[in-house]
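[1] Dropping a prediction and its sequence here:
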Amino acid sequence: MAHIFRGRYAGRIDGSFVVFLIGMRVNKPWKVAEWLPVARAMPTMLQELYSHPEKGFLGGEMFLSFANRAPALVQYWRSFDHLDHFARDRNDIHLPAWREFNRRVGGVGSVGIWHETYLVEPGRYEAIYGNMPRFGLGKVAEHLPAGGRLETARRRLGGDDTPGVEPSY
């Protein structure tokens with residue numbers, strides 16, 4: 001069982017970083033032979049990335065998206081260049097899997113894929129965790145007690161709290 005950090009903690013990382021959301025959607029659940037290979041590809045890629053931190057992958061969290069009937073991931077990367085290199089490198093695991101997806105089911109419609117990429121500049125994010133194990137950004141970066149300058153969302157973003165207004169969680 002994961003260790004629970006009682007109280008409030010903030011996640012903080014030095015410099016810019018990338019948040020990459022990626023997932024799939026099972027459009028035709030009865031077409032298991034078409035969507036199962038897509039679902040199985042991601043754990044293999046993650047294993048490769050965790051084994052090679054020099055690729056710039058910092059870590060991530062996997063979720064089950066009920067709306068999409070399939071897994072989704074939030075990934076953290078050191079830079080867009082690291083992410084892009086992993087996606088395009090012929091010698092890496094992603095490009096052959098991407099080509100196989102397009103060859104087998106890319107135009108069929110039984111399974112969909114999606115991703116979103118966010119470039120995050122220093123000081124332009126905030127993260128808070130209450131009574132949680134290390135999670136998300138707090139798992140891949142510094143995990144700090146959320147007091148003082150880290151006590152409220154506005155302060156974590158570098159501002160000052162508005163007098164007379166209750167601080168936000």
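    Noted; the coordinates are in hand. Numbers count the residues shown, from 1 in each chain.
[2] Buried residues, the helix or strand of the chain with the lowest mean pLDDT. List them.
    Here the helix or strand of the chain ranked lowest by mean pLDDT, DSSP states H and E is helix 94-104, holding a mean of 84. Judged by neighbour count (16 or more other CB atoms under 10 Å), helix 94-104 contains these buried residues: 94, 97, 101. Using the backbone N, CA and C atoms, a C-beta is placed for each residue, glycine as well.
[3] after that helix, next one along is what?
    strand 111-120 (DSSP states H and E).
[4] what residues does that following strand touch?
    16-28, 31, 34-35, 38, 68, 70, 80, 83, 101, 105 (CB atoms under 8 Å, 6 or more residues apart in numbering).
[5] quick one, helices of this structure?
    Applying DSSP state H to the chain gives helices spanning 32-51, 80-88, 94-104, 137-140, 153-156.
[6] returning to that earlier point: which strands and helices lie in contact with the least confident helix or strand of the chain?
    Helices and strands touching helix 94-104, by 3 or more CB pairs under 8 Å, 6 or more residues apart in numbering; DSSP states H and E, are helix 32-51, helix 80-88.
[7] can we see that at 10 Å?
    Contacts defined by 3 or more CB pairs under 10 Å, 6 or more residues apart in numbering; DSSP states H and E place helix 94-104 against helix 32-51, helix 80-88, strand 111-120.
[8] Adding distance to residue 140, write these out as TSV.
    Below are the helices and strands packed on helix 94-104 laid out as TSV (distance: least, CB to CB, whole Å):
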stretch	distance to residue 140
helix 32-51	11
helix 80-88	13
strand 111-120	12
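[9] Using TSV, lay out the ones you listed together with mean neighbour count.
    Below are the helices and strands packed on helix 94-104 laid out as TSV (neighbours: other CB atoms under 10 Å):
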stretch	mean neighbour count
helix 32-51	15
helix 80-88	15
strand 111-120	14
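[10] what's the closest of these to residue 10?
    For the helices and strands packed on helix 94-104, the distance to residue 10 is smallest for strand 111-120, at 14.8 Å, taking CB to CB.
[11] mind showing which ranges of this protein have poor pLDDT?
    By pLDDT under 70, the low-scoring segments of the chain are 163-169.
[12] related to what we said a few turns ago, mind checking how far the least confident helix or strand of the chain is from the chain centre?
    21 Å (CA atoms, centre = their mean, to the nearest Å).
[13] roughly how far apart are the spatially closest residue to residue 8 that is not a sequence neighbour and residue 10?
    Distance criterion CB to CB, 6 or more residues apart in numbering; nearest residue to residue 8, sequence neighbours excluded, is residue 146 at 3.9 Å. Going from residue 146 to residue 10 by CB to CB, to the nearest Å gives 4 Å.
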